[in-house]
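Give me a 3D structure for the following:
(2 chains)
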Number of protein chains: 2
Amino acid sequence: VAVGREEIGQRSETVRRANLSAIVRELHARGPQTRSALVNRTGLTRSAIRGLIGELAAAGLVSEASPQRLGTPGRPSPLVSLDPDSASVLAIEISVDSLAVAIVGLGGVVIELTRVDRPRGDASVNEVVGVVAKLTRDARSRRRSSRRLIGVGAAIVGVVRRTDGMVSIAPNLGWRNVPLGARLSDALGLSLPVSIANDADLGALAEHRRGAAVGVDDLVFISGEVGVGGGLLVDGKPLDGIAGYAGELGHMSINPNGAECRCGSVGCWETEIGEDVLLRLAGHPDDLGLRGVDEVLRAASENDPVALAAIDHVGHWLGLGIASLINLLNPRLVVLGGRFARLHPYVGPVVEAELDRRALAAPRDLVRVVPSTLGVDAPLLGAAELAFEPLLADPALWLGRRDLMERASA
Amino acid sequence: VAVGREEIGQRSETVRRANLSAIVRELHARGPQTRSALVNRTGLTRSAIRGLIGELAAAGLVSEASPQRLGTPGRPSPLVSLDPDSASVLAIEISVDSLAVAIVGLGGVVIELTRVDRPRGDASVNEVVGVVAKLTRDARSRRRSSRRLIGVGAAIVGVVRRTDGMVSIAPNLGWRNVPLGARLSDALGLSLPVSIANDADLGALAEHRRGAAVGVDDLVFISGEVGVGGGLLVDGKPLDGIAGYAGELGHMSINPNGAECRCGSVGCWETEIGEDVLLRLAGHPDDLGLRGVDEVLRAASENDPVALAAIDHVGHWLGLGIASLINLLNPRLVVLGGRFARLHPYVGPVVEAELDRRALAAPRDLVRVVPSTLGVDAPLLGAAELAFEPLLADPALWLGRRDLMERASA
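Numbering: from 1, shown residues only, chains lettered A, B, ... in the order given. Here you go, the predicted model:
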């Protein structure tokens, strides 16, 4: 797109806003740092940084403080930090086994986090939304100091249209065409924007920003709850597809003579590496859930051959699917999330062996497979990042615009 | 990245260059158009367009001419066109069955195109490069008027590192770690940049710019020569992966109990939809090549049940793999290139049936599967687009810089 109809005043304002965004993103992603570090990171001049920091400080978003001396000579450069209480978001996760709500402050500081178990199987939308609203009220009443909520982000184990938060299908909840965006808005009564995305996409975002994939812009994140989902990052941006449905890794066809899948197809990846397969092969009822996975891992740690064989089956098929993804996407990193992160110590070698056998040498030589470092909270933290995005993209909109922020009721 | 250290003079120059690029891209992609159309397309003011067109005209890249009257009242607006002879590129294709060389003028006008058959199987790098150099000399001597070559683009049926044109593997040629970029540079002796990419990636680019996918920014292109390759476009940009190896669709694992693949793995997609499979199932020797494919299509047109069953097998597995790609990437369009374009009239229904059965409903409802419109020349035309890219990205570099262009020797 051409840069047209430009006018100097307008252009300066655009530049100023882009520069504010660069600084706030830096501090949000990497934490407190000196002005010199910000100069290096952003390419802005020292005097530009000074002016912009002043503006952010006046609005209460950042503060400057002397760092502790670390034995280096010379005057210490003060550290610029975001104030986590100056703007916070509400993060929500609706998953197979639990519902979670967090208040997360600017800079990614978790101020409050509550996770409650929920029974597996079909869920009433009313009930889920009701529980989430109650958890939210409780969290906010405990944290009256976090007065400025600027947005709501939600992660859901399902296929979501990003534009309006319509859940087209969430098989593990028995949901179809649920207007979750609208329902959450109504139930929370916060008059704040509510953004919703797939839990695996948000897990990928969180691992990229604060977990195993910091600094890595080309990433496959594989999440494992009951089923298998995924989030793809290409050149630092989520590969969403044309309507936000991309990344359904669990529904790659991988074994055409395999089992029927919940989705209606046959032999999808999740029919070979899903939780139920692991449990059944390990001799447990396939609906035993997390307790069953804990049991398989405990048995494996004691070298139980049945448990080890079950894990090995999953590792073999995990490697087979990852090889396909490497050939398709040539990523730098594959992050194993959820259940797969816990299996990684056992399946690492068999996965690597499958990659040696099945991936093309050129992309295979460039990729690493690592476990998630954020674990079960990755999607919830990703939901917080989603809700922060409007502020990060244009902090100027929020400076002095307290009317855009919701205050806790007294 | 922050917009920093800016200085008004520098900024204006950047804006001017971006605007020149926008105009040249428009004319290159969509052909001649009026200034009014350029105003609408680029968002630039009428006076800005006038100035920039003047600059391009002075350098001989564009001309303006009165259009034919089409019965509409009023003064006809003159059409702005690129002069195809003002800058042209050399496009090269090294494929399984043929070698091709073309001279393509600005605007995508094919000035000269020669394709020669080559026998299948391992190829000597010296010989291939020698034939390409000879075809190039012949083409240039026939077209002395196209004096200004600005670059060379090459498509190859193999896995290529974009940065330097190193072919890491081209199984159908028996090549491994061939520094094709350097070899072509030496043999052509043109002192022009040589850019090399995978043939399917370039097929996708060509279909996007001039074929079945014009206006579609999220695209899966499936090419079929002997094997199966692919090119992916996301948000209008090629999904190359971290080193240009992405899009090896033919090496998705799709049938773990299937046949051994040339790549060393088992049950890759191309072991079910490759040319050899079609020929074998249709009762021909599996190395009969294009002649065999022609024969199968002829038999199918006469309702020969063996030929139809062979095509049906390919269609079934084609649909199965496309379903996976839809679930992974949520694209708007799937373009069947090469052999698959010719099979499309027969396999269309079985592919659609597999998608109904195996793809998730939400992304499936949004995608269409269509045959390529550029046919066998798609990769060659894509190679031309690759070679035009530096000029399109920054035409200012080329205005008055005839020293950057190679003149035909007298």
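
Three-state assignment for residue A:18, please.
Here residue A:18 is helix, with the state taken from DSSP: H, G, I helix; E, B strand; the rest coil.

Repeat that for the one 4 residues further on.
Classification of residue A:22 into helix, strand or coil gives helix, according to three-state DSSP.

Assess the claim that residue A:378 and residue A:209 are in contact.
No: when contacts are counted by CB atoms under 8 Å, residue A:378 is not listed as touching residue A:209 (10.3 Å). For the C-beta atoms, the positions are set from N, CA and C on the backbone; glycine is no exception.

Neighbour count for these two, which is higher?
residue A:378 (31 against 20; other CB atoms under 10 Å in any protein chain shown).

Now the more buried one. Nearest residue, chain neighbours left out?
Excluding its sequence neighbours, the residue lying closest to residue A:378 (CB to CB, 6 or more residues apart in numbering or on different chains) is residue A:203, at 3.9 Å.

how far away is the one you found from residue B:203?
Here the criterion is CB to CB, to the nearest Å. By it, residue A:203 lies 34 Å from residue B:203.

Same check on residue A:45?
Residue A:45 is 46 Å from residue B:203, by CB to CB.

Tell me which of these two has more neighbours.
residue B:203 (33 against 13).

Let me know the helix or strand that residue A:288 is in.
Using DSSP states H and E, residue A:288 falls within no helix or strand.

now the strands: where do they sit in the stretch 51-200 of chain A?
With DSSP state E, counting those that start in this stretch, the ranges of strands along the stretch 51-200 of chain A come out as A:62-65, A:79-82, A:88-94, A:98-105, A:109-117, A:149-156, A:159-161, A:166-170, A:175-179, A:194-198.

so of those strands, which one's packed in deepest?
Of all those, strand A:88-94 has the most neighbours on average by mean count of other CB atoms under 10 Å in any protein chain shown, namely a mean of 29.

Pull the CA coordinates from it and hand them back as CSV.
Only the C-alpha atoms of strand A:88-94 are listed here, as CSV (Å, rounded to 0.1, in the frame of the first residue of the first chain):
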residue,chain,number,x,y,z
SER,A,88,-4.5,-4.9,33.6
VAL,A,89,-6.5,-7.4,31.7
LEU,A,90,-8.9,-10.2,32.5
ALA,A,91,-7.8,-13.5,31.1
ILE,A,92,-10.2,-16.5,30.9
GLU,A,93,-9.6,-20.1,29.9
ILE,A,94,-12.4,-22.6,29.1
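
Each with direction, which strands does that strand pair with?
Here strand A:88-94 is paired, per DSSP bridges, with strand A:98-105 (antiparallel), strand A:149-156 (parallel).

possible to save those strands as TSV with distance to residue A:36 and mean pLDDT?
Below are the strands paired with strand A:88-94 laid out as TSV (distance: least, CB to CB, whole Å; pLDDT from 0 to 100):
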stretch	distance to residue A:36	mean pLDDT
strand A:98-105	25	96
strand A:149-156	29	95
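
among those strands, which is nearest residue A:237?
Of all the strands paired with strand A:88-94, it is strand A:149-156 that lies closest to residue A:237, at 17.4 Å by CB to CB.

could you check the angle strand A:175-179 makes with that closest one?
Angle, strand A:149-156 to strand A:175-179, by axes from the mean of the first three to the mean of the last three CA atoms, to 10 degrees: 160 degrees.

Thank you kindly, that will do.
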